Each structure stands twice: as C-alpha cells, then as structure tokens.
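Chemist: predicted coordinates and the sequence they were generated for:
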Amino acid sequence: MGESERKAAVAYAGSSSRAGRQAVLRHTRYALLLLAAALVFLGVRGISPFDAWSLNSLLLAGLLLAALFMRFEQGDYGSREVAVVGALAAAGAAGRVLFAAIPGVQPATFIAVAAGYSFGAEMGFMTGALIALLSNLFLGHGPWTPWQMLAWGGAGVAGALTARLRGGKPSRWAVTVVCTLWGFVFGWFMNLWFWLSFVYPPTLRSYLAACAASFWFDAFHAVGNFLFAWALGRPVISMLERFRARFRVTFELWGGGGKAGDDHELEGGGANGAIAFPKEV
Amino acid sequence: MLPVYREKDTLLHGLHPLSALALAFSLVAATLILDNPLYTAVLCSGVIAMLAQAEVLGNGKPLLRAAAFMGMMVALINPLVNNAGEHVLIYGPHIPMWGKLNITLEALLYGVAAGARLFTVVAAFCLVALAVNPDDLLELLSRLSFRSSLSAALAVRLYPSMAVEAREMRDTQLARGDPLRGGGRISRAKAHLPLLLSLFQGALDRAASIAESMSARGFGSRGRTRYRRRRLRPRDLIATLVSLGIIGTVVTASLRSGGYSFVPVIANPLTEVDWLAWGALSAALLAFLFICGSWRRWHWWRSRI
C-alpha cells in the first residue's frame, strides 16, 4: 500500500468511527428524551413508580440536561468553540461574584443571552448551563442546580431565537427585551421545582402564591438584566461578533496550491515552506 | 467564607465519585419519596452525621444556614396556600379571587415536614459538593460527554484567575474614587458595568489563546489518551451496597405502607411507619457511619478497604 492509499484508509477509518460515535450519541439523546417524556406521562397520569413529583422533577431535569449536553457533543465544534464556552462561563460566574454584593443583580442571564445571540442556540445553552454549574461550585450546589442550568441554558436559546428573528443583526432593543423578560421567566421556572417538591397541593393557586412570594427577587433580577443589556448590549454583542468572525478565518497556502481549513493542515503547509494568508474574514 | 471543596483525610473524601454520587442520590431519593416525618428525621440525622464524619460541617455552614432559611420559607408558604385540614388554627379573612385564608394545623405541619425534607436534600448535595473533588466529577463526566466536560473544566480553571482579576479591577476603581459602594442598588450596579466589559474582553482573549494551545496540542485528532486518577476500591463497594440498601428499603417501604397523609387529618407517624423499613434504613446509615469512623481509627481496616 502506498503512502497516499494508507492516508486515505486512515482517513476513512477515522470518518467511519466518527459517524458511528455520532449515531450512538444521537440514539442516546433520543432515548433520554423518550425517558423524560415517559416520566412526564406517568407522572401526569398518576401511575409513576413513586408518588413523588419532587424526585420525578429532579430526574426529568437531569434527563433533559443530559440530552441537551449530548446535542452539544454531537455538534461539529472545535477547540475555539469549546474554549469560548468555557471562558464565557467563567466570566459569567466571576460576574456573579463581582455583583454578589448587590442582591438580585447578576450578569449571568445577560451573558447567556449574548452568547446565544452571537454563537447560536447550542453554544448559548452550554454557556448558560455552565455558568450555573460553575458558580454553584462556589456559591453552593443544591437541588436547584439542574433547574438553574436549564433556566440559564434556556436564556441562551432565547438569545439565539431572537437573533434569528432579527436576521442576525445586532439589536440592543431585542437583547434588552429578552433579558428583562427572562428575569421573570427565570424566577417562574425556578419556582417550578420548589412548587412541585415542597408545596401541597400543587395547584395553579399555590403556584401563583409561590410566584407572588418571589416577585421582588424576580423584579430585581429583571431590572438588573435590563441595566446590563441596555448599557452593555451593543458593545458586548459587537465584541462577540468580532470574535466569531475570527472563527471564520480560513487560510490559503501561498505557493502550495492547496487550502488549509484547520490548524493541522496549516502545520503541514508550514513544514513545506508555504506561507498562510487569511482568505476571508 | 464560601463553601468550597478541600482535600481531607476521611473515607468520604476517599470514595470514587461514582459511589459518592450513588450514595448522595439514594439519600436524596429516600428523602423525597418517604414523607413520614420519622423517616425524614433518621435521614436528616444520618446526612448531618456524614457531614460531621467528612469534617465538612463547619465549611458547609453557610449553605446549611441558607437551606434552613429556605425550609422556613416552605413552612410559611404552605399554610397560606393550603387550607385543607380539619383543625383550623386561625380563621383568616376572605380574599377576593383567592378564597378563605384559614391556617390549619395539618397544613402547618406539612410545611414543617416539607421544610425539613428540603433541608435534608440540600445537606445531601452539600456532602457531594464538599467531599467530592470537582476535578474527579468532571473526569467522570468526560467519559460521557467529552466536549461539555472540557468546557466545564476550562471554566473551572479560568474562574479563580478571573474572579481575582474582577476583584483587582474593583479595588482599583475604588482607589480611584469610583462610587462602587455608596448609593442605591441601581447606582451601584451602574458603577460596576464597565468592570464587566473589561472582564468580558479578558475572557475572550483568554479563550483565543487557549484555543490556539488546544489546536497546537492536537485537539480533535483521533486516539485521545485518557488517564484515570481514581480506581474503584472495596470502600466503594461498601458505599454502593449501602446505597442499594437504602433504595431497596425505600421501594419496600413505599410498596408496603404507601404514602403518608397530612390531610384532611394528620396520620399518626408511629402507626403509619413501616418499622422494619425504618430499622433497615437506620441500620444501613449507622453501619456506614461506623465504617467511616473505624476507617480513621483502625489502620489495619483502613489498609484493607
């Protein structure tokens, strides 16, 4: 077997194993979603193995999170996306500490929405979910962690949907509206686990009472989000857009005749003595 | 002081993250499923004793205090939203669109029991947060979801330096006379906004350099190597058996005696409890606590497990 044939065989083996892994991830995701749906169905019909919505809701949140993490795993993301999600999550968690002295005001929702707006639903979700996971390492984990991960992850998805509605154009107004609304949505969503687990009877009336009890916390959260989005929406989205543009840079090898799409190929080009130039930004 | 993980020489710190998670999950499941206050009492005592055995009771105090506050909120909200129950303690006014605001003994006791269960669940989470190394947890997660756990690991690594950076920026601004501390909530938030922008810029710069390093080291190429720090040992088998014992007891108790009812009249916990299951639960927790204690005292036993 010649060198080129050997390389082609290795590439084929790599792509087939990758395709197999993708299929496993996809099926696992579907299985998790089916399990979550079954849990809801059994709970609603009252034939759940245990008459405890508290446990069922915790399991449901865990299953949904696992399915959504699988989705990110399945996506075609490289080192830059992984690093950006990690860095934004760290910035969000550090921001929570920075604003810890001001009750109810925290930049986590704004950062998740901005990440979703600029990088899409999956990266937005991951950023929001990781902000909750990471900051609770320092502020304290509890049964609320999976719910916070879902709620802030949802903020990222809402940011991505807003960007789609706006045709991808940066809009301070749109981001501000979503962030402000999410201050309340976050509170209402977080009240769900509390209501399902520790309030009896779980009726609309008791849920409204739980929401009324948390109204001022939610209102401060919403006002904080409004401030962040109004004051920082435009510069942060522009910053993220510029950074995203850096993701798209592809290199063309001067004199080599070929095009290098990733860093490994670029290294090879360098070894051949070719010089790489950015093709498009 | 914030409750963060610290390495300690206890059996609970030495557990494999999977068995520690199984133990915490069994405690949480038992607390949420079994609503007879006698089960809650034994589970709450067991979790508190485990926190003491793991020497994290002092470190976890802020979280436990917050849990106690949340438990009190639950105890307060329940009587206001639930007027089922035959023993009315306070006849409240009629509120339009809401109905009678009566406070009943049953709803009050349900609230107290639910608050105690919430406290126990948070204490079990506290055990995982303070006795299981986050790096080991992320290593466990990386086997299931590599990219997500890598992002989380990066965030964990970046967070301390970014928090220090945030604090330094705030101190610098304070030294320059910026109104970061005085004034109302909104004006303080406004004064903090430029700091967040700088933090953001720093985060993106770090992300760019990390991505370059990852690419240079072959991120995404095939044949990723893996180093396992933790191995399953006999102590993990013991913890897993205790977890299975707790789950088995929960299933048996819920199948044999069903749920405990608070309304319309509160049931007698002493007659409603399945004493065999209660004894088994107590025995499982006591046995595990004994093993934790003996592990520290008897070197021979320690070397065997």
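Modeler: Looks like it came in fine.
Chemist: chain B versus A:A114, what's the distance?
Modeler: From A:A114 across to chain B, the span is 9 Å (CB to the nearest CB, to the nearest Å). Where you see a C-beta, it was placed from the backbone N, CA and C, and this is true even at glycine.
Chemist: if you could redo that for A:L64, that was the one I meant.
Modeler: A:L64 is 14 Å from chain B, by CB to the nearest CB.
Chemist: what is the burial count for that residue?
Modeler: Other residues lying near A:L64 total 18 when counted by other CB atoms under 10 Å in any protein chain shown.
Chemist: same question, A:T203
Modeler: Counted with other CB under 10 Å, A:T203 comes out at 13.
Chemist: cool, and B:G202?
Modeler: By other CB under 10 Å, 20 other residues sit near B:G202.
Chemist: how about low-confidence regions in the stretch 1-150 of chain B?
Modeler: Along the stretch 1-150 of chain B, the model assigns pLDDT under 70 to residues B:1-3.
Chemist: what about the helices in it?
Modeler: Ranges of helices in the stretch 1-150 of chain B, per DSSP state H, counting those that start in this stretch, are B:17-33, B:37-53, B:61-81, B:105-131, B:134-144, B:146-175.
Chemist: what residue ranges in chain A score low on pLDDT?
Modeler: Judged by pLDDT under 70, the stretches of chain A that qualify are A:1-18, A:21, A:43-52, A:97-98, A:100-101, A:103-104, A:248-281.
Chemist: center of it - which residue?
Modeler: When CA atoms, centre = their mean is applied to chain A, the residue found nearest the centroid is A:F125 (1.6 Å).
Chemist: from B:L76, how far out is that residue?
Modeler: 35 Å (CB to CB, to the nearest Å).
Chemist: A:G128 too?
Modeler: 31 Å.
Chemist: neighbour-wise, which of those two wins?
Modeler: A:G128 (34 against 14).
Chemist: how far off helix B:105-131 does whatever helix or strand that one lives in point, in degrees?
Modeler: A:G128 belongs to helix A:121-139 when assigned by DSSP states H and E. Interaxial angle, helix A:121-139 versus helix B:105-131 (axes from the mean of the first three to the mean of the last three CA atoms, to 10 degrees): 90 degrees.
Chemist: helix A:121-139 packs against which elements?
Modeler: Applying 3 or more CB pairs under 8 Å, 6 or more residues apart in numbering or on different chains; DSSP states H and E, we find helix A:121-139 packed against helix A:53-74, helix A:79-98, helix A:108-119, helix A:145-165, helix B:146-175.
Chemist: between it and helix B:61-81, how big is the angle?
Modeler: Counting by the same axes, to 10 degrees, helix A:121-139 points 110 degrees away from the direction of helix B:61-81.
Chemist: helix A:121-139 to helix A:108-119, inter-axis angle?
Modeler: Angle between the axes of helix A:121-139 and helix A:108-119 is 150 degrees (criterion: the same axes, to 10 degrees).
Chemist: check the offset of helix A:121-139 from the chain's centre.
Modeler: 7 Å (CA atoms, centre = their mean, to the nearest Å).
Chemist: most tightly packed of the helices and strands packed on helix A:121-139?
Modeler: Most buried of the helices and strands packed on helix A:121-139 by mean neighbour count (mean count of other CB atoms under 10 Å in any protein chain shown) is helix A:108-119; its value is a mean of 30.
Chemist: that one packs against which elements?
Modeler: With contacts taken as 3+ CB pairs under 8 Å, 6+ apart, helix A:108-119 sits against helix A:79-98, helix A:121-139, helix A:145-165, helix A:172-198, helix A:215-247.
Chemist: quick one: closest of these to B:L12.
Modeler: Ranking these by their distance to B:L12 (criterion: CB to CB) puts helix A:121-139 first, at 17.9 Å.
Chemist: hmm, the residue nearest to the centre of chain A is touching A:F72, no?
Modeler: Yes. Shown here, A:F125 and A:F72 form a contact pair, counting by CB atoms under 8 Å, at 7.3 Å.
Chemist: so which bits of stretch A:26-35 are buried?
Modeler: Within stretch A:26-35, the residues scored as buried using 16 or more other CB atoms under 10 Å in any protein chain shown are A:28-29, A:32-33, A:35.
Chemist: so which of the residues you listed are in helices?
Modeler: Of those, the ones assigned to helices by DSSP state H are A:28-29, A:32-33, A:35.
Chemist: quick one, which of the helices and strands packed on helix A:108-119 gets closest to B:L138.
Modeler: In this view, the helices and strands packed on helix A:108-119 are compared for proximity to B:L138 by CB to CB, and helix A:121-139 is the closest at 9.8 Å.
Chemist: could you give the angle of the closest one to helix A:172-198?
Modeler: Relative orientation of helix A:121-139 versus helix A:172-198 (the same axes, to 10 degrees): 60 degrees.
Chemist: what angle separates helix A:121-139 from helix A:53-74?
Modeler: Counting by the same axes, to 10 degrees, helix A:121-139 lies at 130 degrees to helix A:53-74.
Chemist: between helix A:121-139 and helix A:79-98, how big is the angle?
Modeler: Relative orientation of helix A:121-139 and helix A:79-98, computed by the same axes, to 10 degrees: 40 degrees.
Chemist: can you give me the distance of the nearest residue to the residue nearest to the centre of chain A once chain neighbours are set aside to A:G128?
Modeler: Closest residue to A:F125 apart from its sequence neighbours, by CB to CB, 6 or more residues apart in numbering or on different chains: A:G153 at 4.0 Å. Distance, A:G153 to A:G128, using CB to CB: 4 Å.
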